[in-house]
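>>> below is the sequence, then the predicted model.
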Protein chains: 2
Amino acid sequence: MDDPNAMFIDAETVVLERPRDHKAELRLWLRLLTCTTLVEDEIRARLRADFDVTLPRFDLMAQLHKAPDGLTLSQLSSRMMVSNGNLTALVERLVEAGQLERRVSAMDRRVVNVRLTSVGERAFAAMALQHEGWIAELFAQLEDADIEQIMTLLGKLKGSVRANIGAGQKRDGKLDLSSTMPSSGPESGHHS
Amino acid sequence: MDDPNAMFIDAETVVLERPRDHKAELRLWLRLLTCTTLVEDEIRARLRADFDVTLPRFDLMAQLHKAPDGLTLSQLSSRMMVSNGNLTALVERLVEAGQLERRVSAMDRRVVNVRLTSVGERAFAAMALQHEGWIAELFAQLEDADIEQIMTLLGKLKGSVRANIGAGQKRDGKLDLSSTMPSSGPESGHHS
DNA sequence: CCGAGATATTTTAGGCTTAAAACATCGGCA
DNA sequence: TGCCGATGTTTTAAGCCTAAAATATCTCGG
């Protein structure tokens, strides 16, 4: 460690030898979060002002719209990426409002199936039309090529995150089933 | 629908004459939201598991860490992009936990100034180190060039969204003050 | 000095969110 | 048949979040 060459170590070498810092990734994450929050808050405000509906309710209706045969609560929670217990009250309020109907499955009495009523379907159609326009408006300064590029890069990001989710969970002794699942091994070859 | 000229309208014309559809923008928005949610949920879970801290608390401490002289509640709410009333309870809990201290400004008794205690500063330092590593881990499959590219494109997106925020508020008869404001948005200059 | 607005924060009412525990039901199996 | 572990949903406790109203204080013109 008293190597006389030490005095010749320049900035570049230092960068190579020190644990690499990851400020670039951190900045990217913060920017991603900012973009999402900006859009989300604006859409939330407009949904409220024009339709008196909250974002979670709109999201729930959107999922059901895409599945005309209805969905179970578990399917909903997985697609909306919210916790299971969350849906109970959310669905309840929309049932009360007449926007959707809920019925216990005949096959499996644990399962609750939910679908839009025709009232809910019509209400959603009107909101979805506006919503699409709002997004287009907010994104107006992006060229078609920009959109395609971000889609691709975010696709890569999504893959990276998914591949590394749960990787840190070996810290404690909890069960790790991910290695038994297709395509999401924590050690799935990553080289950079 | 039964316009006799309809038979002569080709696909290109239809595209030009119909309200353009914006499915590409919509897909991009959904992907953006997915990426953010994936990262956010994972970071939230790790902060909880390793430090027993919530994401909003971490965010609050991060803002204060960047401002060693402390911040007012208004500055905090603007930087964190959350509503003002939200902060009262959030700050209160962290004060109780000894992580930060709150004092009424001597200059202006409406103003509350908040800063990290040395305990809070140390706690945050440990968390921030881990946090940076987690983000790097989740983003590991992105090359340096990818990161730079997404940063640029998201910068453009951010600009687009900011430029169009509030533009849709003239729809109904409600008061629109935005045109009388110097420039809306959290980053606009403040005077105190 | 006074009062009208402006500004900073807190309070209120309602809703969203999670993790974890509780409850209900199902399917397999001895 | 009777139990046991897995699965689907609800409940609970705590906290986060917003919009809007209420409160407190400041600034400034008269």
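Everything's here; your move.

>>> contacts only, for the residue nearest the centre of chain A.
Centroid-nearest residue in chain A: A:Met81, 6.5 Å away (criterion: C-alpha atoms, centre = their mean). Applying C-beta atoms under 8 Å, 6 or more residues apart in numbering or on different chains, we find A:Met81 in contact with B:34, B:37-38, B:41. All C-beta spots, glycine's among them, are computed from the backbone N, C-alpha and C.

>>> what does A:Ala140 give?
A:Ala140 is in contact with B:160, B:164, counting by C-beta under 8 Å, 6+ apart.

>>> so how far is A:Gln63 from A:Leu87?
Per C-beta to C-beta, to the nearest Å, A:Leu87 is found 11 Å from A:Gln63.

>>> need the overlap of contacts for the two.
What both A:Leu87 and A:Gln63 touch, as defined by C-beta under 8 Å, 6+ apart, is the set A:76, A:80.

>>> the two: which is more packed in?
Legend: neighbour count by other C-beta atoms under 10 Å in any protein chain shown for A:Leu87 and A:Gln63, higher for A:Leu87 (20 against 17).

>>> shaky segments in chain A?
Residues of chain A that meet the criterion pLDDT under 70 lie in A:1-19, A:166-192.

>>> longest helix of it, counting residues only.
Scanning chain A for the helix with the most residues, using DSSP state H, yields helix A:23-51.

>>> does DNA strand D sit close to that one?
Yes: using C-beta under 7 Å from any atom of the strand, helix A:23-51 reaches DNA strand D at A:41, A:44-45, A:48.

>>> where along chain A do the helices fall?
For chain A, the helices defined by DSSP H cover A:11-17, A:23-51, A:55-65, A:73-80, A:84-96, A:118-138, A:144-164.

>>> how many neighbours does the residue in chain A that DNA strand D sits nearest to have?
Nearest residue of chain A to DNA strand D (C-beta to the nearest atom of the strand) works out as A:Gly85 at 2.2 Å. Using other C-beta under 10 Å as the criterion, A:Gly85 is surrounded by 9 other residues.

>>> equivalent analysis for A:Met107, please.
Neighbours of A:Met107 (other C-beta under 10 Å): 8.

>>> same thing with A:Leu32?
A:Leu32, neighbours per other C-beta under 10 Å, totals 22.

>>> now do the same contact list for the closest residue to it other than its chain neighbours.
Among residues not flanking A:Leu32 along the chain, B:Thr36 sits closest, at 5.7 Å (C-beta to C-beta, 6 or more residues apart in numbering or on different chains). By C-beta under 8 Å, 6+ apart, B:Thr36 lies in contact with A:32-33, A:36.

>>> next, give phi and psi for the residue nearest to the centre of chain A.
phi 50, psi 40 (degrees, to the nearest 10).

>>> same check on A:Arg110?
Torsion angles, degrees, to the nearest 10, at A:Arg110: phi -80, psi -30.

>>> and it, how many residues sit next to it?
9.

>>> A:Glu40 too?
By other C-beta under 10 Å, the residues close to A:Glu40 number 16.

>>> circling back: does any part of the longest helix of chain A sit near DNA strand C?
No: judged by C-beta under 7 Å from any atom of the strand, helix A:23-51 stays clear of DNA strand C, getting no closer than 9.8 Å.

>>> gap between that helix and the chain center?
When distances are taken as C-alpha atoms, centre = their mean, to the nearest Å, helix A:23-51 is centred 12 Å away from the chain's centroid.

>>> repeat for stretch A:114-128
With C-alpha atoms, centre = their mean, you get 23 Å for stretch A:114-128.

>>> likewise for stretch A:92-111?
25 Å.
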